[in-house]
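Novice: Predicted model and sequence below, questions to follow.
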Amino acid sequence: MNTGNAQGAKNAWRQTVARVVKSEMSVRGVKYQALSQRLEEIGVEQSADNLRNKVNKGIMGADLLLQILYVLKARPLDAALLEEILTDLQ
């Protein structure tokens, strides 16, 4: 991946996080309110608005990202998928 600078690389990774989460939500037909409820079922309190903000910005802790992927029963992630998204963002 050649983004040209550190800020560009950071933005590309954040956009990748957003795309992965939004894709998994879309595949399962899960909206932010339902995602909030699923997270609450495993003891994680995040409002729908807070989740929307974090997902859209692609900024969240690794723990929240894993929790979201877990409650969505996300498809496996691999380096090839991440590379495809990053290439698409160039």
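Specialist: Sure, I can see it.
Novice: how much space between Gln90 and Val20?
Specialist: 17 Å (Cβ to Cβ, to the nearest Å). C-beta here means a position set from N, CA and C on the backbone, and glycine is covered the same way.
Novice: Which one of those two is surrounded by more residues?
Specialist: Val20 (21 against 10; other Cβ atoms under 10 Å).
Novice: Contacts for the helix or strand that the more buried one is a member of next, please.
Specialist: If you go by DSSP states H and E, Val20 is part of helix 6-28. For helix 6-28, contacts defined as Cβ atoms under 8 Å, 6 or more residues apart in numbering pick out 1, 3, 30-32, 35, 55-60, 65, 68-69, 72-75, 77, 81-82, 85-86, 89-90.
Novice: List the ones among the residues you listed that fall in helices.
Specialist: Among the contacts of helix 6-28, DSSP state H puts 32, 35, 55-57, 65, 68-69, 81-82, 85-86, 89 in helices.
Novice: quick one on the thing from earlier: whichever of the contacts of helix 6-28 end up buried, select them in PyMOL.
Specialist: Here is the PyMOL command that selects the buried residues among the contacts of helix 6-28 (16 or more other Cβ atoms under 10 Å):
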select buried, resi 30+32+35+55+58+60+65+68+69+72+74+82+85+86
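Novice: how near is the residue nearest in space to the middle of the chain to Lys10?
Specialist: Closest to where the C-alpha atoms of the chain average out (Cα atoms, centre = their mean) is Val21, at 3.2 Å. Per Cβ to Cβ, Val21 is found 17 Å from Lys10.
Novice: ok, now Ala80?
Specialist: As judged by Cβ to Cβ, Ala80 and Lys10 stand 22 Å apart.
Novice: now do Val27
Specialist: In terms of Cβ to Cβ, Val27 sits 27 Å off from Lys10.
Novice: what sits up against stretch 66-80?
Specialist: Here stretch 66-80 has contacts from 20-21, 24-25, 27-28, 30, 35, 38-39, 41-42, 44, 51, 55, 60, using Cβ under 8 Å, 6+ apart.
Novice: The same query, at a cut-off of 7 Å, please.
Specialist: Val20, Val21, Glu24, Met25, Arg28, Val30, Leu35, Arg38, Leu39, Ile42, Val44 (Cβ atoms under 7 Å, 6 or more residues apart in numbering).
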